[in-house]
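Colleague: Provided below are the primary sequence and the corresponding predicted coordinates.
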Amino acid sequence: MEFLNVIFNNPWIWLILGVIVMGLELVVPGVYLFWIGGGLITTGVSVVALADLPGVSLAVQIIIFMVALFGWVLTGIYLQNRARQAAPSALNAGLSQYAGRHVPVVQVFADAHQTSQPGYLGRIKLEDTTYGVLSRHPLKAGQFVVILAYQDGKFLVEPTSH
């Protein structure tokens, strides 16, 4: 046990371990190593700040590390929950998730005078597939349109200035 007291008597060990563990985060995916590294660095800084006080033994340093680690983990959970709530989920959004995309018209079928639907019909190329579209404005093949919504089995589109 005396061996550990000699090693941890120097606050640099906490700081070096913190940097190494945070660096491992780049190699090993998952955010948990970042929070452990934050706890190690916080412990190193705390040991430096408390260096003039007697009694900063290994046991005290481990207690400081546990409290710092707990604080970093709580901070990480809070930040991840806040980011998760702020970002809209595209899960199960279906084709509605493509609203706002600019895509080319590949084929024009008919205008309002030739069909019972009000508007202009055509097809767009979206990723590797073509889809039916409905527009209030005339469409031309090769023209870019922006997807407004997905409704009744067709994308609602509007011509863009691209």
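Modeller: Great, that's in hand. Numbering: from 1, shown residues only.
Colleague: helices and strands around the lengthiest helix in the chain, which ones?
Modeller: Ranked by number of residues, the top helix in the chain under DSSP state H is helix 58-86. Where contact means 3 or more CB pairs under 8 Å, 6 or more residues apart in numbering; DSSP states H and E, helix 58-86 is packed against helix 32-49. Placement of C-beta: from N, CA and C, glycine included.
Colleague: buried set for the helix it packs on?
Modeller: The neighbour-count check on helix 32-49 (16 or more other CB atoms under 10 Å) flags 33-47 as buried.
Colleague: so, low pLDDT: which residues of the chain?
Modeller: For the chain, the stretches with pLDDT under 70 are 1, 5, 55, 88-93, 110-117, 162.
Colleague: ok so, going back, strand partners (parallel or antiparallel) of whichever helix or strand comes after the longest helix of the chain?
Modeller: Downstream of helix 58-86, the next assigned helix or strand under DSSP states H and E is strand 102-110. Paired with strand 102-110 in the same sheet, following DSSP bridges, are strand 120-126 (antiparallel), strand 144-151 (antiparallel).
Colleague: can you redo those strands as JSON lines with distance to Tyr98 and mean neighbour count?
Modeller: Formatted as JSON lines, the strands paired with strand 102-110 follow (distance: least, CB to CB, whole Å; neighbours: other CB atoms under 10 Å):
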{"stretch": "strand 120-126", "distance to Tyr98": "6", "mean neighbour count": "21"}
{"stretch": "strand 144-151", "distance to Tyr98": "5", "mean neighbour count": "17"}
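Colleague: redo those as TSV? Include distance to Ala99.
Modeller: Compiled in TSV, these are given as follows (distance: least, CB to CB, whole Å):
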stretch	distance to Ala99
strand 120-126	12
strand 144-151	5
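Colleague: so Ile7 sits against Ile13, correct?
Modeller: Yes. Contact criterion CB atoms under 8 Å: Ile7 and Ile13 qualify, at 5.9 Å.
Colleague: more neighbours: which of these two?
Modeller: A side-by-side neighbour count of Ile7 and Ile13, using other CB atoms under 10 Å, places Ile13 first with 16 against 10.
Colleague: how much space separates the closest residue to Leu139 other than its chain neighbours from Trp14?
Modeller: Nearest non-adjacent residue to Leu139, counting by CB to CB, 6 or more residues apart in numbering: Gly122, 4.5 Å away. Counting by CB to CB, to the nearest Å, the gap from Gly122 to Trp14 is 65 Å.
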